[in-house]
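K.L.:
quick one: sequence and predicted model below, then my questions.
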Amino acid sequence: MATILWIIAVVLVISGIVTLVRGQVLFGILLIVVGLLVGPGGVSIFG
């Protein structure tokens, strides 16, 4: 389960960075924050 959460978190953070580069700042920050919340290293919403 932890591996799946890491993969989801990495995908969310990377897509958030790409979104920031494209100019959608608010949505990019939202994706990064959600990615950090989902990741097992952060405050996981599942545990």
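P.N.:
Arrived safely, thanks for sending. Numbering: from 1, shown residues only.

K.L.:
what helix or strand is the residue nearest to the spatial centre of the chain on?
P.N.:
The centroid of the chain falls nearest to residue 35 when counting by Cα atoms, centre = their mean (1.7 Å). According to DSSP states H and E, residue 35 maps onto helix 25-38.

K.L.:
quick one: list the elements packing against that helix.
P.N.:
Helix 25-38 sits against helix 2-22, with contacts defined as 3 or more Cβ pairs under 8 Å, 6 or more residues apart in numbering; DSSP states H and E. C-betas here are computed from N, CA, C, even on glycine.

K.L.:
now do the same for residue 35: its pLDDT.
P.N.:
Predicted confidence (pLDDT) for residue 35: 89.

K.L.:
could you do residue 39 as well?
P.N.:
For residue 39, the model assigns a pLDDT of 74.

K.L.:
correct me if wrong: the residue nearest to the centre of the chain contacts residue 9.
P.N.:
Yes. Residue 35 is within contact range of residue 9, at 4.7 Å (criterion: Cβ atoms under 8 Å).

K.L.:
pLDDT below threshold where in this protein?
P.N.:
By pLDDT under 70, the weakly predicted segments of the chain are 40-47.
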